Structures are given as C-alpha cells and as structure tokens.
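**Q** Give the three-dimensional model of this entry:
(chains A and B)
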Protein chains: 2
Amino acid sequence: MKSVFRLNRTVFSACLKDAFYRRVQSTKQHIEDSSLKCVKHKATLNNEEERRATLRTPSGMRDYGHPQTAVREKVLQLIADCFKRHGAQAIETPVCELKQILTGTYGDDSKQIYDLTDQGEMLSLRYDLTVPFARHLAQYKIGSMKRYQIGKVYRRDNIIMTRGRYREFYQCDFDIAGVCDPLIPDAECLRVIVEILNSLDMKNFEIKVNNRKIIEALFSICEVPNEKFKTICSSIDKLEKLSWEEVKREMCEDKGLNESIADRLGQYVKLNGSLQMVEELLSSDLSKNAKMREGLEEVKLLFNYCRAMGINNVIKFDMSLARGLDYYTGVIFEAILLDEHDVGSVAGGGRYDDLVALLSNNKHIVPCVGVSIGVERIFTLMESKEGAMNFYPAKCFVASMGKGLAEERFKLLTELWDAGIAAEHSLRTHPKPLNQYQYCEEKGIPFLIGIGGDELSKGVVKIRNIKAREEIDVKREFFVDELKKLLTSLTFICSLSTAFKSYNDLVDVQIGSVKRMVKNVADYSAGREKNDLGFLTFNLDADFTNVFDWNTKQLFLYLSAQYKTKNNVNNEVVLWDHIIRRGEESRISFKNRHTKYYFWDDGNGLKGNDNITLTLSMNIIPNAGLLPITTCRTIHTFSFPNEYMSKNA
Amino acid sequence: MKSVFRLNRTVFSACLKDAFYRRVQSTKQHIEDSSLKCVKHKATLNNEEERRATLRTPSGMRDYGHPQTAVREKVLQLIADCFKRHGAQAIETPVCELKQILTGTYGDDSKQIYDLTDQGEMLSLRYDLTVPFARHLAQYKIGSMKRYQIGKVYRRDNIIMTRGRYREFYQCDFDIAGVCDPLIPDAECLRVIVEILNSLDMKNFEIKVNNRKIIEALFSICEVPNEKFKTICSSIDKLEKLSWEEVKREMCEDKGLNESIADRLGQYVKLNGSLQMVEELLSSDLSKNAKMREGLEEVKLLFNYCRAMGINNVIKFDMSLARGLDYYTGVIFEAILLDEHDVGSVAGGGRYDDLVALLSNNKHIVPCVGVSIGVERIFTLMESKEGAMNFYPAKCFVASMGKGLAEERFKLLTELWDAGIAAEHSLRTHPKPLNQYQYCEEKGIPFLIGIGGDELSKGVVKIRNIKAREEIDVKREFFVDELKKLLTSLTFICSLSTAFKSYNDLVDVQIGSVKRMVKNVADYSAGREKNDLGFLTFNLDADFTNVFDWNTKQLFLYLSAQYKTKNNVNNEVVLWDHIIRRGEESRISFKNRHTKYYFWDDGNGLKGNDNITLTLSMNIIPNAGLLPITTCRTIHTFSFPNEYMSKNA
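**A** Residues are numbered from 1 along each chain as shown, chains lettered A, B, ... in the order given. Predicted coordinates:
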C-alpha cells in the first residue's frame, strides 16, 4: 500500500491546487453555499475533541470491511441452505417494532431495548427475531409456519468486545409454529443445529438440553421463593463457567438464598448425562412431582427422536441449563463448542407456546419452538480459520501503458465484463506501469491485461501472471478466451463466492505415463475415415488432504491430455476421472492404470506427437458457493511412438 | 389451505383443553407468573381498539413473506454479482449513525431522519448508504476504495405505497472513492447501471445525465436568486412528469420566481439529447460562462468514455435533471424505464467530491462518485413478472401412514437431509394420509415419500408424484437415489436459489427417430469383447423461447437414451448435445440428424431392444443462482432391429 499512497499524496497536492484554482473561478454563490454548510456543521462541533469523537460508529456497533463481509456471506449462505433444506420459508420484518409489542415480553432484559424518539408513534429497535415472528403470526392470523429469518438485532448491553458481543449483531432464526404432537418439531430444531455446525466443520460440540418444566418443578421442590426465580436461574446458568462453590456463594451471599435451599438445589443442578440419566430420574422419587415427571418424559421422548435422526450422540441432558428469556415454556437447549471454552454458546432456543397468545391477547394461540444460531461467535471463529484466504473480488486488472489509451482500456474492460470476468483498472487516464503492477501484487489480483502503443499496433494484448512474473502476448480478439483458460474455469468468474483460494499450493501431485501406443482405426460414430486412437496407462500419486476445508463437500478429479496437431492448435481429451467424497481416502496412488475414456484424435495427430501434456484438474464441490475448477500445477509430458501398433498386438 | 385449517381447529380445541388441564396441574407459581405478565402487558393496552392497533408493523414499514423474499434474494444476488465483477468490495455499516454525522448533510431532507432517544448518545437511523460510506472513509482515513453495500435505509417520508415507496427500504450502492482523472470512475458507474438493468431483463431504459456545474452556471446566467436554488431545482426536476406550463406556474405562482427569469430558464432546461446537443451548446454563447463550459466538457468526455464502454446508446443529456440531495458536486445521473412511466427512476447517483472533507472537517479529502440502485421499484416489477413461480423450498414430503411410524419417518428424513434434499413432514405423530397429500398439493411440493406398515414389512417406500398422481414402490435402501433421479438433478438440491420453475410447461418438444441400426463390434478402449453399437438418426423440433426469462443466460440441451438390459436395470447414454445462448435462435428443427456421441452398450443389450426411450433434457444456466436441470416431458420410444447390420452396410 505504501507506494500507492506515496504516489497519491503527490498527485493529491496537485489535485488540491487544481481544486483551489477551480474554486477561485467558481461563482460567488457556490462559495457562499459551501461556507454555509461548514458553518451549519460546525454548530454542533465546538472543539477538536468533539470533532474527532464524531467520526466513529455508535458505541458497541462497528463497520465490517471486505474480508469480514465475505466470510459472513459464506457462513450465512450455509446456514440459509440448511434452513431451506428443512422446508423453511424466509420472511423479513422491519428493524423497528411498536414499543408496546416489545415491552413485557423480555422480562428484565427489556431495559436493553433501544427506543426511538416519539415521531408519530413509539418505536423500538428489535431485540431479537422471535418476538417479531410471533407478532407476524398474530397479525396475519397464521396458524402454522416453518420460517427462517436472518437479520440484525439490537441490545443496549454492556459491551464485551473480546467475546464477540456487540450491540448490533446478526441472528439466524429457524422456528416451527403450529399445533403439533409433543417434541416432533423440537427434535428437528436440534437436527438443524447439528447440520449447521457440521457444515461449518465445527467438529467437537454438544447440545445441552433441559426443560423449563423441570426447572420450575425443581424450584418448587426445593422451595426457592417465587420472587427469586429469575435471579437464581441466572446463577445456575453460570455452572458452565464457575464451580458449584462459587455459584452457591453468589446465590446465598449476593442473592440471599437460604443455604439449605441452595444445597438441595445443588444436589440436582449438578446432574447431567445421557438418556440413561433421564431414565434414572424418572424412576426416582423426584418423579412423584407431576410437573417434573412431565418434563422428564418430554426429554426422554426427545432423546428417542434424536436417535432416529442420528444426532443423539451430541445431545446431553443438563439440569443446570436455564436460559435467560422469559418466554420459554418447555424444552430449552444450547449448543457449545467443546474445544472453544471461551466462545460461549453458538446456538440456543426452546419452546415458547404462550408468546403469540400473549401478543394477541389470547385471540390467536400458536405453539412455537425455535432455534437461534449465534452466528457472530461463529464469524469470529471462521475469520481466524479463513485468515489466509484472498477474498479480493477482481480476477484481473486492465493496465494501459502510455498516453491516449484510456478508451482502448475501456474497450478491453467492456469485453471482460460482458464475459462475466471481474476486472478492475486505474482511476487515472495515464497510469504508470509500475503502479499498476504493484496494485495487483498488493491486492492479490492474479492477472494483468496490458495494452500499450506497441500492442495496439501489433493487434495483441499482454497477459501477465502477477505471481509468476511471466507475460505472454495474445491476439487482441482472443484475449478473453485466453484469460478464461488461465483462470482455469468459467466458474471462478462472476461466482457467488469470489473466494480465490490457491488450491495448487495445497496439493502434491505426481503424474507419469507407462504404456504409450497408437492405433489407426475407423471411428464408428458418423464418418468412416480412419483416425488415431491412443492407448495409455499412467501412474498417479496425489494427496488432496489439504484441499478438504470446512467448505469442501467433494472433489471431482479428471486427467486430460492437451496437444497440438496440424488441424487444431488446442486439443483436449479427458481420459479419466474420479470422485473423492468428504471423509473418503484423500490420497491416490495408482500404478499402470488404464484410461477410462477413449483417446481419439480427430485425424492423425497422435502418431509421433512428441508433446502430449497430461494435466490433473480438480473441481471442488463446496458446501456453499459455486464450483471452483482448478488445475494442479504438476503436469507430465510424453510422446506417442512413430509407428502404429500392429493389428494383432 | 382451508382443509388444513379446518383440521387444525379441531385439533386445536383438543390442544386447548389439554393446555388447560396441564395448567390446572401446574404449580401455583407458574400461574401467578403468567398472570403477572398479562397484567403488565395490559397496562399499556386499555381497550380493544388499542390492542388491535398494536398488532401491526410501524407505519410505512412492512413484513415480507416468502415468495417476496425469494424474488428479493434473486435480484440482490444479480446486483451483487455485477458489483463484484467491477472489483467492488462489500462493507457493512451499522443501521444507526451518530446524529451529528447525518445532520447538515442532506439539506431539507434532514427532517425525514428517524432519531433514537438519548440513551447515552444521540443516534439516528441511516438515511442512505452514502453518508455512512463517507464517514467510513473519513474515520479509517481510506484514500481510495471501490465498495458496494446492500442494506436498508430509513426515511420518515410521506408514505406513497402505490409507488413502492416505504419508510424502510433497500438500497444497493456502488461507489468509487479516490483521486482520479476526470470522469473515469463516473463512466464506470453508468456502465454498472446498464449491466444491472440488462441482467434483470429491463429492456427499454435510458440514463439521463447532467452536471451540477451546468445547473449552477445556468441559474447564475438566468439570475435565479441564491435562496431559491433548491426549490427551483425541485420544480425543474418535475419536467419529467409535468408540462413546462405547469412547472412554470409552480415556479412563478407558488415559489415567487420572476416570470422573465423563469422564461430564460425555460429556454435551457427543455434541452436534452445526445452528444451532438452537448457539442452544439459548447459552441454556443452559453459556453462563455466558464463553469458552464467546464460542465459541458465533462459531459462530452463522459459520452466518449461511454462509447468506449458500449453504452452510449442509452445515455441522454438532460438539462432538467437536478437530483434532490445537497452533496452532489459534478456529474449526476438517473436511469428510467421507458415502458414503465409511473415507476420513476430505478437508479441514480452522481459525484460528491466534498462530502468526506465536510465530515472530517477538511482533515481528509476524498473525491467520490457513486450509484444507488432503486431496488424496491425493481422488486415490485419483478414480483409481477415472477408471479407464476413456485418458490416453496421443500422438494419432497415424508409421510407416515399409520401409527408408531414417527421414528421411521425421521430416519427417512435424516437420509434426505444428509443427501441435501429439502424435505418436510407433518408436525403430528400419526398424521392422516389425506391431509399429507393435500398439504403437498397446496404447497406445490412435487414428491411425497410414504411409509406405512406394509412398506415397512416389504422393505420399500412409496414415492408419489403429486401432480401426476402416480406412485411407485422403491427399495428402502435406494429411495434417496431414486428420488434424486426423479428430481432430475442434484442441482435442484440444496440449491442457493430454490426456485422451482415448471420449465416443462414452457417448452414444446417433438422427438422422433429415423434410422435405427445396431452393429456388434470390438470396443477399442480396454477389453476386446464385441459390444453392441447403436446407430440412430433423429428428428427434433423444439421451441425454447419461453424458457429465456430474465435470469436465463444459456441452455445446455442433451438428448439421452434410456433402456433396460439383462445386466442393468438402468442404462443411460448421452447421444447429442447443443447450447443455445441468450439472443440466439431459440427454436430447433432438425431432420434426420446423426448422434454426436457413440451409442455403445456395455454388452449386447441393443439388438432387438424394443423399449429405448429418448429424452431431451435441458440444463438452464442462469445469471444468478445454481443450475436447474430439467427434463422435457415429451419422450420418444423406439426399437432396434433384431438383426445386426452387415459389415458392409
């Protein structure tokens, strides 16, 4: 960046002078206008400090630059794909809600709601996506719906930047509303969490499950006073981070709970485990309490359904899970990453059967269950994983070398844009060559397309591989096609995810050819002329382990031969292909393998051809985003013999 | 929907009774809690009317349901693709800004800004994305940047619902910041507008171009008083909708402009045309005014650059274009659809060289130019175009027939989700078959997977084609593969764009076979056994005109033969393919055409085979979203002769 900035500064003072000159020339009116604006603006800015203070985002909110937004786009796409796979429909609600709708639904957390000034009606910024969804159901009298919503919510919380908690943050919500039989949609919510965490390659996680009915029964059994319900809940919720002794001290000393009650609670809330634990509790004395039994039976059924959905291994019953919000009425759950202790929960939710009724004043009753993905924490984790990726969108830079070439440059750019190739250029009419090269290096733009007086007269353009520092001249009329080949595939281009990961550096490939023969035989398809048919066996050693990142679903590999003949400059024949799925062996080692497909030449171009190149290409099929096709850099060149194989060979 | 609702209501009252029963059982505390909530909530809701009034979105803001959000997703994706193609990086800024940053930058429009109550700092909702971008540049001292941002902005405007204007609406902004030579980035902004409108299939549009310098010079030449600058600007802006007489009357009668000044203005603001008009003005007396000359020279250069970018045919110089916002300093532009007069402008923008300086109190000076896509108006247009599409996400519904099958259903669902297939099911443990069928019909879900006691004991599942009302039994272990085939392609599945357009209804295809022969010859690839090689010529008539909607880039067609042999139940061979690009002839009529590819059987399964089916499939390559592969419904079945063709035939 430095050199570009240095350049800019020089140009800059020239520009400032120019601006000054123009200003002197300009009409008096414009000067007056500008001054007026400055005065108006200064009115609110009295001193240097206040002025500097203005140039910031609101407390607890921040800007996101490009690499971050690109990671976010990928993650949100994966999450939305999962929601859609479960048949959920997207809705969007306004960022504001009427104030009355939000008050009285969040309990103590209501004080964190941002209010707008009264400008005709009392509005607040949404605190989550659940209450707006419930309002939507009540307003349009919708009786059942599977919906998802991805959007930002606002909480005037204490800012804990280090834990990825901000006052403006994304939530990704999936909810199932409608009269249902017990636990059927609840189990699907857990399944959604597992699918999402798997697709994001979060390997080691568990989902804690509890039931509000169990907590209520427990507090009633232990005789926790009603008025302490919420505050004791929140203490118990801390058992994940603090020891029982610390939690007990908080409950008794800070919150005035009777020590014997605390000890009774302590017996139970430390309990956690699998289905077996639930069954033990069901046959214990605890289950004499009807509410407790009902809650435990629900958790048991949930475990059974989770087993049928193949996710019971990550479900854990945990009596210390309480969750903060008021509106839960049944099963509650929270997913945590076991390897990332300071991240906190990455997904959570539960059943809220009374919320729609509450909002509609019992006019409309719809039981609901839902999950919210704590995507900000996931972003933070993914950003560190994705640090090495270059998300810069432009795949080439069109440079003009010399004066009077701006319009020529635009013509080249226009062809690239028309072909869907992301292309950039300088903001200057006559940019310096070195600055343009440096810009590409700094931004990680792989190719530079150069045009100068020389190229123009010869009818060519230069294509420069920035990393390799090599350049070739190609005919003006073919440069887009040539560049497409260099970008190895159309699918890089105008791709939904413009990630440009250098997969070549990740793969170690060795290719060799063993037998090489040519026959001359009639092609059975349409014509009856004899054409060359090549026979080849090959060795292949390759390790694709590093290609499998969190977003790789499978690899499609193909071996192709490229060669020149008298008739055609470029011939390419695919000889063999292979698929490696995620989880399968990602190393390949073949000796003396036959090709899978015919190696026909469209003529007699194989016999004696001494420059046949074998290339292994891979087509990476991601979980999200489009297919990048890339070519492994290791290639193998061989010759075919000068004689045809005899008929009887 | 009706029948489901009827069902739900019955279940509903049962559920209510159950809820009541549970409530009676529940602890006293819970009852108290609930009542407390209701009381709290009622405090703000005094009567029935007020209660009903609560269940709504804020004035001028609205919810969007699923078909709308799906159309929006598609349109926004296309726009983002274009921005990325031009090398722009995404940024995100908070929905709130400090109030001081917004005041003093929008002129009279400032009164439309939503303010938050003072909760530690004075915040406002963003009014556009331009000022937050300028603040971002000033805050981080960024000297040059090409950025895009897609987000919602807030204006407490008069609500004109019919014109698609709301108080919360999306903007899609593309801006180029940095010291530049004149008009280079400005021309790229116009190019971006053209690319986006073309990709959305908006065929007939023009981009009006003017220059703030020209307007200022004109007002100074005509001696419009300084204090009337803005108000007269806004009158002139109305020339698109009103006659000159009406505008003049407004200026003179309502706004007190001297009639002779109005007439002088009238001479000029009616001027509009091509580059020729600009050149005429440049050689007229008007150009004696230095500012006017400067403005016109800029427009002339812009026309030249637009010609190099192939978009000059849609650019129109229009001296009546003024644009409302205060911050413009140079070229301004606005795109309008010529066939949709009441839609207003669908894109607009211009140069704002002083805004960053103004916000940073001249500490940081960055000239900028940008365009904002009026995407809400485009949504409204696209929604009417896309009305016929079924955006329902689920591609199949897993139904259980009979009791005790919930867990079996979950196992089937799990396999489908694992395979990336969007699958839904009932919320009930024992749903009624008829209700499940009806649900699929109502939602447009194409396939139902059914399992009952019978199927379970036979080890099969039923796949029902809902529209065709046909069902088949398939082996339990193969049902996912079978369904994938029925969905005709993996690409439907877990697709980024889950649009399910019934392309079959749009295409008229006739297939016939002419010559049909079989040879028995050695396959040259690996083995030396003789295999059947079919020869075929075919007729094909098809019209794909209706498939090319706004999102269709090209079609990849392929003709394949399906047949059964002793060795394999399913054989499929691709015989021919063809690409139709957008703009090419979309009708095909072939007679007696040879196949392009070999029709090898892997054995002797062609001779005498009396049930070979030819199918034409098409792979629709969209501008945005993934590839839907679909099969045309018209198929052709033929037999191969019982004898091999003689060697000498």
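**Q** hey, let's count contacts and neighbours off CA atoms from now on
**A** Fine.
**Q** residue of the stretch 351-500 of chain A with the smallest distance to chain B?
**A** The shortest separation between the stretch 351-500 of chain A and chain B is 3.6 Å, found at A:A422 (distances taken as C-alpha to the nearest C-alpha).
**Q** how much space is there between that residue and B:K84?
**A** Using C-alpha to C-alpha, to the nearest Å, we find A:A422 at a distance of 6 Å from B:K84.
**Q** A:K270 too?
**A** If you go by C-alpha to C-alpha, the gap between A:K270 and B:K84 works out to 52 Å.
**Q** Looking at the two, which one has more neighbours?
**A** The neighbour comparison of A:K270 against B:K84 (other C-alpha atoms under 10 Å in any protein chain shown) goes to B:K84, with 29 against 14.
**Q** Could you check how far the more buried one is from chain A?
**A** For B:K84, the distance to chain A under the criterion C-alpha to the nearest C-alpha, to the nearest Å works out to 6 Å.
**Q** So what's the residue count around the closest residue to that residue other than its chain neighbours?
**A** For B:K84, the nearest residue in space outside its immediate sequence neighbours is A:P393; the separation is 5.7 Å by C-alpha to C-alpha, 6 or more residues apart in numbering or on different chains. The tally of other residues near A:P393 (other C-alpha under 10 Å) stands at 31.
**Q** Kindly report the same for A:K288.
**A** Other residues within reach of A:K288 by the criterion other C-alpha under 10 Å amount to 11.
**Q** returning to that earlier point: hang on, the residue nearest to B:K84 in a strand?
**A** No: the assignment for A:P393 by DSSP: H, G, I helix; E, B strand; the rest coil gives coil, which leaves it out of any strand.
**Q** does it really touch B:G87, like I thought?
**A** Yes: checked against C-alpha atoms under 8 Å, the pair A:P393 and B:G87 is within contact range at 5.2 Å.
**Q** so what's in contact with these two at the same time?
**A** A:A422 (C-alpha atoms under 8 Å, 6 or more residues apart in numbering or on different chains).
**Q** before we move on, what SS does A:F219 have?
**A** Per three-state DSSP, the local secondary structure of A:F219 is helix.
**Q** Likewise for A:N609?
**A** With three-state DSSP as the basis, A:N609 sits in coil.
**Q** any idea how far it lies from A:S646?
**A** Applying C-alpha to C-alpha, one obtains 18 Å for the distance of A:N609 from A:S646.
**Q** same deal with A:T545?
**A** Using C-alpha to C-alpha, A:T545 is found at 43 Å from A:S646.
**Q** show me the contacts for A:S513.
**A** A:S513 makes contact with A:536-539, A:592, A:636, A:638, according to C-alpha under 8 Å, 6+ apart.
**Q** leaving aside the residues next to it on the chain, what's closest to the residue of the stretch 351-500 of chain A closest to chain B?
**A** Across the structure, with C-alpha to C-alpha, 6+ apart as the measure, the residue nearest A:A422 apart from its sequence neighbours is B:R85 (3.6 Å).
**Q** Please apply the same query to A:K403.
**A** Here the residue nearest A:K403, using C-alpha to C-alpha, 6+ apart, is A:H430, at 5.5 Å.
**Q** got it, and A:Q436?
**A** Setting aside the residues directly before and after it, A:Q436 is nearest to A:A399 in space (C-alpha to C-alpha, 6+ apart), at 6.5 Å.
**Q** just so I have it, where are all the helices in the stretch 351-500 of chain A?
**A** Along the stretch 351-500 of chain A, counting by DSSP state H, counting those that start in this stretch, helices occupy A:355-359, A:375-385, A:406-418, A:433-443, A:453-458, A:479-486.
**Q** Return the most buried member of the ones you listed.
**A** Of all the helices of the stretch 351-500 of chain A, helix A:355-359 carries the top mean neighbour count, a mean of 25, counting by mean count of other C-alpha atoms under 10 Å in any protein chain shown.
**Q** related to what we said a few turns ago, hmm, the residue nearest to A:K403 is touching A:E407, no?
**A** No: A:H430 is not in contact with A:E407 according to C-alpha under 8 Å; the separation is 10.9 Å.
**Q** Report how many residues lie close to the closest residue to A:E643 other than its chain neighbours.
**A** The spatially closest residue to A:E643, leaving aside those adjacent along the chain, is A:K607, at 6.5 Å (C-alpha to C-alpha, 6+ apart). Applying other C-alpha under 10 Å, we find 21 residues neighbouring A:K607.
**Q** Read off the pLDDT value for the residue nearest to A:S59 when sequence neighbours are not counted.
**A** Leaving aside its sequence neighbours, A:S59 sits nearest to A:R167 (C-alpha to C-alpha, 6+ apart; 7.7 Å). Residue-level confidence at A:R167 comes out at 92, pLDDT.
**Q** pretty sure A:G178 is touching A:L137, no?
**A** No: here A:G178 does not reach A:L137: they are 10.0 Å apart, not a contact under C-alpha under 8 Å.
**Q** what's the overlap in contacts for the two?
**A** With the criterion set as C-alpha under 8 Å, 6+ apart, the overlap between the contacts of A:G178 and A:L137 is A:G143.
**Q** who wins for proximity to B:Y558 among the helices of the stretch 351-500 of chain A?
**A** helix A:479-486 (24.3 Å; C-alpha to C-alpha).
**Q** sorry, back to before: A:N609 and A:S646: which has the busier surroundings?
**A** For A:N609 versus A:S646, neighbours defined as other C-alpha under 10 Å are more numerous around A:N609 (16 against 9).
**Q** In contact with the more buried one, which residues?
**A** Contacts of A:N609 (C-alpha under 8 Å, 6+ apart): A:639-642.
**Q** from those, which would you call buried?
**A** A:639-640 (16 or more other C-alpha atoms under 10 Å in any protein chain shown).
**Q** any chance of the helices of the stretch 351-500 of chain A in CSV, with distance to A:P58 and mean pLDDT too?
**A** Putting the helices of the stretch 351-500 of chain A into CSV (distance: least, C-alpha to C-alpha, whole Å; pLDDT from 0 to 100) gives the following:
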stretch, distance to A:P58, mean pLDDT
helix A:355-359, 31, 92
helix A:375-385, 18, 83
helix A:406-418, 38, 93
helix A:433-443, 30, 92
helix A:453-458, 52, 93
helix A:479-486, 44, 82
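**Q** returning to that earlier point: looking at neighbours, which among the contacts of A:S513 is most surrounded?
**A** Taking other C-alpha under 10 Å as the neighbour criterion, A:L536 ranks highest of the contacts of A:S513 with 19 neighbours.
**Q** residues contacting that one?
**A** Counting by C-alpha under 8 Å, 6+ apart, the residues that A:L536 touches are A:513-517, A:594-595.
**Q** Just the buried residues from the residues you listed, in ChimeraX please.
**A** ChimeraX command restricting those to the buried ones, with burial defined by 16+ other C-alpha under 10 Å:
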select /A:513,517,594,595
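**Q** Secondary structure element for the closest residue to A:G374 other than its chain neighbours, which one?
**A** Spatial nearest neighbour of A:G374, chain neighbours left out: A:V346 (4.6 Å); criterion: C-alpha to C-alpha, 6+ apart. With elements delineated by DSSP states H and E, A:V346 resides in strand A:345-351, which encompasses its position.
**Q** on contacts alone, who are the packing partners of that strand?
**A** helix A:184-199, strand A:331-337, strand A:368-373, helix A:375-385 (3 or more C-alpha pairs under 8 Å, 6 or more residues apart in numbering or on different chains; DSSP states H and E).
**Q** Work out the gap between the last one and the centre of the chain.
**A** Chain-centre distance of helix A:375-385: 9 Å, with C-alpha atoms, centre = their mean, to the nearest Å.
**Q** what do you get for the first one?
**A** Mean-position distance between helix A:184-199 and its chain equals 18 Å (C-alpha atoms, centre = their mean).
**Q** Just want the angle from that helix to helix B:406-418.
**A** Orientation of helix A:184-199 against helix B:406-418 (axes from the mean of the first three to the mean of the last three C-alpha atoms, to 10 degrees) gives an angle of 30 degrees.
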